[in-house]
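Colleague: sequence and predicted structure are below.
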Amino acid sequence: MNIDIEKLKGIVGVENIKDDIADRYIYGSDSSVHGSLASVVLRPTTVKHVQDILRYANAELIPVIPRGSGSGMSGQAVPIDGGIVLDLKKMNHILEIRPEDMLCKVEAGVVDDELNRALKPYCLFYPPAPASSRVATIGGEIANNASGVRSVKYGATRDSVLGMKVVMANGDLVTLGSNTRVEASGYQLDRLMVGSEGTLGVIVEATMLLRPIPKFRCLGRASFDKLADAGESISKIIAVGALPSMLELMDNIAITAVNTTLNMGLPDVEAIVMFEADGKVKEAVDAEMKLMKEICEKHNAYGVEMSYDVAERTKLYAGRKKLFAALSRYQMGLSCTSLADDMAVPYSRMAECAAKIHEIAKRNNVVMTAYGHCGSGCMHTKILMDPTKQEQWENARKAVAEVYDYVHSVGGTTSAEHGIGLSKAPSWKKEKADSLKLLRAIKKALDPNNILNPHKMQDAPDDWLTATKLRYPVQGK
Amino acid sequence: MATKYLQKWENEFNICIRCAYCFEGCPVFKTRNWETDTARGKIILAYGLLTGELEPSKYIAEKIFQCTYCRDCSERCSANVSVVEILAAARAELVEAGFATDIHKGMVKNLKETGNIFGDKEIKAPTQEGEVPVFIGCQYLARPNQTKMYLKILEKLGVKPLIKDEMCCGYPLYALGFPKEFEEHRKKFLEMFPEKEIIALCPTCAAYIHEEYGKSVKHITQAILENVPEKNLGLKATYHDPCDLSRVMGITEEPRQILKKIGIDVVEMPRNRKTSHCCGGGGGILMSDVSLSDDIALVRIKQAIETGAPLLVTPCPTCEQVLKKAAASVKEKGNGEITVKNLSDVVWKALR
């Protein structure tokens, strides 16, 4: 690949380009199992920079991989074919906060938590709340359709997007969506960009819907001796029409991991359910909490703790917030790999899904946990294994396939919020078998030269294990 | 590349899930904005050196040495990845491969020749007989007035400091990637300082002597708090937590209680205690990368000015030094004003 570094310096300035192998190596990985080498890293600071870069790349057929903080778990930001990694973190200005319109306009590189800090004085918040909100950029969240603990009430990123500005593969800047809550007609191209993982355009600006910070928020935590009871409680809470603002599950593996790593002192039980309600009327929040507590207790929950107090709530929730990384210390010799890391199943299958994950893990000689924002149908797991052993990777390959075969068999979907990228692509392609042609036609129409994050999602290799070099030192490799 | 020092951390690289949560508070990342500046970026570089995917280079050394060792990343890492330990090992590899900076090499030479990092033979501990062993450390030894003030404070509070001849605690040798030199130094240090319990003036020495030599170390703020009487200075100040004191030793409340007791109203910066923003003075960058150190210090001093307090107090001589410089720079540009003082200044003012 011939890249004219001098030309690119002319576009972004010498201070915003890196082509040392050290930088290219770092920008070749994210939080997935994958690793590749970027050809060059550019840090645009203006929309014009992005347009000029894409015009150049499109003419020269150079891949361009947009990147936020690189916290994705499925290899979305890994430059599988090399090319230009577009680090958008310096486009991080909050352009407008319009409380009267309940919206804000931000550049793509604004970090979620920083936006929420800026919104707080207006008593407003931006709700998707992925666990990575401390580093995740709004552009990355849109590209992945991220969500998190509050998705059960406030929805995913998709539900907060009003509009956006996108630089297309040929460098054209387009304005999609609107500044209004409703927009009836047309192809809803803003929605098309949500979850497209940088394969259709580079999101440079977003208009996002805001919500009022609820006056009251109460969090509860219930312990269970049976994972099935915890899963059933969650299904029931949703089925009776309760309105939680958070409904989370943690199995014993997850509990052990946070207790071992962070000395959290969570109850050593088979499962924990965390449930939260929020609102502007305390009596209404009380009623939701009472209902959820009763359902949990009906399903054999005990040791239920509930609190409105911020410090108490933070303490109750701390274990969940820190779970992902803590899983890496679950057991000496095992590492937490981002594989089969998320999925969604219908509510009625939640308990079964958790049990199935454990069964598949056992059969394939790996450890898998079951946790997630189950209130929105989202189940997370990770594969805990010795990543230095080739046979463990073969086991993981089988486990991933089996998990998603099960998920699809009950009408679930491959990704709830973490994206497809490379490692979930083989299963996703199976799930979307009858629409692959359509997906590829859309990609071809918007990016005819296939420069935008190529070979991801529907175009990703059929075997994630050999799609790129693994970021782990596998023996014999 | 044969990796002598990184091999030990092989498993730790697999424990890091590369979640990027360490970006959040990293002072180097916040001022330079490349992922290469983050803990994750540096861990990936160290991994590349270990696996041989990367060869040691001047550029990699520059990046690996651009860290203040403030441990903000460690504080935020839910997998408890040993970031500083890995970086120290990576630095050792790079030093061995011939990529030590002249400034750092000079400091090692100074240490060998004079026992202190400044290479100044005139820097001597003010030896005195007493009951409680007190370790002063290079930075305070180079500030004799401040040292005297702390010793007078201790005496006023009924503690009789025992001061012996001193040599550096050895932390710079470890931190800057000179493990062989440190091993020699270690033996000498233990011979010179066999005491099991000491009071240390400098937060970094306190943390390191406790961590590396396993001694029971009381930081001077803990010793002062035990006996400081109530006074009413009637001042308002913000308190800057030195990283080694807050994140390594967990000492966050004692200095605040001292200030409260002597009548100073503490106004907190949003980042305080274990999430305190680094001053920019640690990890060797104060010597090797002054511009980076200055930029980080400016971020912190601006946070202090935003509290509206006219005074910033800190018990660390390095934090004091870099923040004073930043305060002067901000004042010169007409962007605000704040006075930076060592904790000893205000405590002595209250006691005298």
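Modeller: Yep, that arrived.

Colleague: drop to CA atoms for contacts and neighbour counts, all remaining ones
Modeller: OK.

Colleague: what's the burial count for B:Lys215?
Modeller: The number of residues packed near B:Lys215 is 17, by other CA atoms under 10 Å in any protein chain shown.

Colleague: quick one, phi psi at it?
Modeller: phi -80, psi 160 (degrees, to the nearest 10).

Colleague: quick one: it and B:Ala207 touch, right?
Modeller: No. Applying CA atoms under 8 Å as the test, B:Lys215 and B:Ala207 come out as separate, 9.9 Å apart.

Colleague: distance of B:Gly41 from B:Glu183?
Modeller: 29 Å (CA to CA, to the nearest Å).

Colleague: okay, buried residues for the lengthiest helix in chain A please.
Modeller: Using DSSP state H to define each element, chain A has its longest helix at helix A:390-409. For helix A:390-409, the neighbour count (16 or more other CA atoms under 10 Å in any protein chain shown) marks A:392-393, A:395-397, A:399-408 as buried.

Colleague: and what of stretch A:256-276?
Modeller: Buried residues in stretch A:256-276 (16+ other CA under 10 Å): A:256-262, A:264, A:266-276.

Colleague: out of these, which touch chain B?
Modeller: A:261-262 (CA under 8 Å from any CA of the partner chain).

Colleague: so of the buried residues of stretch A:256-276, which ones are in helices?
Modeller: Using DSSP H, the buried residues of stretch A:256-276 in helices are A:256-262.

Colleague: could I get these as TSV with distance to A:Ser415 and pLDDT?
Modeller: Shown next, in TSV, are these (distance: CA to CA, whole Å; pLDDT from 0 to 100):
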residue	distance to A:Ser415	pLDDT
A:Thr256	25	93
A:Ala257	24	91
A:Val258	24	90
A:Asn259	28	91
A:Thr260	29	87
A:Thr261	28	85
A:Leu262	28	83
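
Colleague: let me know the closest of those residues to A:Ile203.
Modeller: A:Val258 (35.8 Å; CA to CA).

Colleague: ok, now how distant is the closest one from A:Ala318?
Modeller: 9 Å.

Colleague: what's the overlap in contacts for those two?
Modeller: Residues touching both A:Val258 and A:Ala318 by CA atoms under 8 Å, 6 or more residues apart in numbering or on different chains: A:Met264.

Colleague: please name the residues that touch the closest residue to chain A within the stretch 101-250 of chain B.
Modeller: Nearest residue of the stretch 101-250 of chain B to chain A: B:Arg247, at 15.0 Å (CA to the nearest CA). B:Arg247 makes contact with B:71-72, B:75, B:273-274 under the criterion CA under 8 Å, 6+ apart.

Colleague: which one of those residues is nearest chain A?
Modeller: Among the contacts of B:Arg247, and counting by CA to the nearest CA, the member closest to chain A is B:Glu75, at 11.0 Å.

Colleague: doesn't B:His277 make contact with that closest one?
Modeller: No. The pair B:Glu75 / B:His277 is not scored as a contact, 11.8 Å apart, by CA under 8 Å.

Colleague: and these two? Which one has more around it.
Modeller: The residue with more neighbours, out of B:Glu75 and B:His277, is B:His277; 26 against 16, by other CA under 10 Å.

Colleague: which of the buried residues of helix A:390-409 are close to chain B?
Modeller: Checking the buried residues of helix A:390-409 against chain B (CA under 8 Å from any CA), there are no matches.

Colleague: which one of the residues you listed is nearest to B:Phe65?
Modeller: Once CA to CA is applied, the member of those that ends up nearest B:Phe65 is A:Trp393, at 34.9 Å.

Colleague: count the neighbours of the closest residue to the closest one other than its chain neighbours for me.
Modeller: Excluding the flanking residues, the one nearest A:Trp393 by CA to CA, 6 or more residues apart in numbering or on different chains is A:Pro387, at 7.0 Å. Using other CA under 10 Å, A:Pro387 has 26 other residues around it.

Colleague: quick one: A:Pro387 from A:Cys336, how far?
Modeller: A:Pro387 is 9 Å from A:Cys336, by CA to CA.

Colleague: cool, and B:Thr114?
Modeller: B:Thr114 is 48 Å from A:Cys336, by CA to CA.

Colleague: also A:Lys290?
Modeller: Counting by CA to CA - A:Lys290 and A:Cys336 are separated by 36 Å.

Colleague: who has more neighbours, these two?
Modeller: A:Cys336 (28 against 14).

Colleague: helix, strand or coil for the most centrally placed residue in chain A?
Modeller: Taking CA atoms, centre = their mean, the centroid of chain A lies closest to A:His418, which sits 3.2 Å from it. At A:His418 the chain is in coil, as set by DSSP: H, G, I helix; E, B strand; the rest coil.

Colleague: got a list of what it touches?
Modeller: Taking CA under 8 Å, 6+ apart as the test, what A:His418 contacts is A:72-74, A:144-146, A:341-342.

Colleague: same check on A:Ala271?
Modeller: A:223-227, A:230, A:249-252, A:255 are the contacts of A:Ala271 under CA under 8 Å, 6+ apart.

Colleague: sitting in helices, which of those do you find?
Modeller: A:227, A:230, A:252, A:255.
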